[in-house]
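**Student:** here's my sequence, what's the structure:
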Amino acid sequence: MHRTSLKAQITMADDSPTPTDAIDLELAKTKLRLSGRELQRLNSNDRPVLKIGLDDVKSVDLIRRFDRGSLLFLAVGVGLAVIGKYVSENSSLTVILYVIALPVTAMGFFAMQWPAVILVIQTREDAVRVQCSDPWDEAECFVASLRNIMAKDRPAGNQ
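**Tutor:** Residues are numbered from 1 along each chain as shown. Sure thing, here's the model as predicted:
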């Protein structure tokens, strides 16, 4: 009997409307969404930390930024390999330097392959930069859809 009542409660909870029903667009990993006429960024507790009315948004752009920190890993890895090759006279020290240099160099190389994706929201007063965790193509689709919604809502002379 306890199972039946619990199952009935779950069914009733599933039938009720949820706040996510009002979401028009969303970047799930970035936790950026368009809900009605408001652009919202959520924190880790799913509470809004950014709310911008769509009428206040002048433009939305998507940029890729190269992470210069990857060059540090690459330089350290190559430096350790050079020290192991030309400076180290002890064979066990050389092996240790190579073993450390290989993953450090690989981390630097792979970090260079995936640049940071940043969403720039230009409002009337300021520009807000949001680090985007979603894939590039999803972020591009979000920006294109958002621009389309903004273009439909604004008169031709008010852009």
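
**Student:** show me where this protein has its strands.
**Tutor:** In the chain, the strands defined using DSSP state E lie at 23-27, 32-35, 38-42, 48-53, 57-65, 116-123, 127-132.

**Student:** what comes up buried for the longest one?
**Tutor:** Residues of strand 57-65 classed as buried by neighbour count (16 or more other C-beta atoms under 10 Å): 57, 60. All C-beta atoms are positioned from the backbone trio N, CA, C, and that covers glycine.

**Student:** so which elements touch that strand?
**Tutor:** Where contact means 3 or more C-beta pairs under 8 Å, 6 or more residues apart in numbering; DSSP states H and E, strand 57-65 is packed against strand 116-123, helix 136-153.

**Student:** ok, it: who's next to it in the sheet?
**Tutor:** The sheet places strand 57-65 alongside strand 116-123 (antiparallel), with pairing taken from DSSP bridges.

**Student:** for residue 92, see how far away residue 80 is.
**Tutor:** 15 Å (C-beta to C-beta, to the nearest Å).

**Student:** cool, residue 150 as well?
**Tutor:** 63 Å.

**Student:** neighbour-wise, which of those two wins?
**Tutor:** residue 150 (17 against 8; other C-beta atoms under 10 Å).
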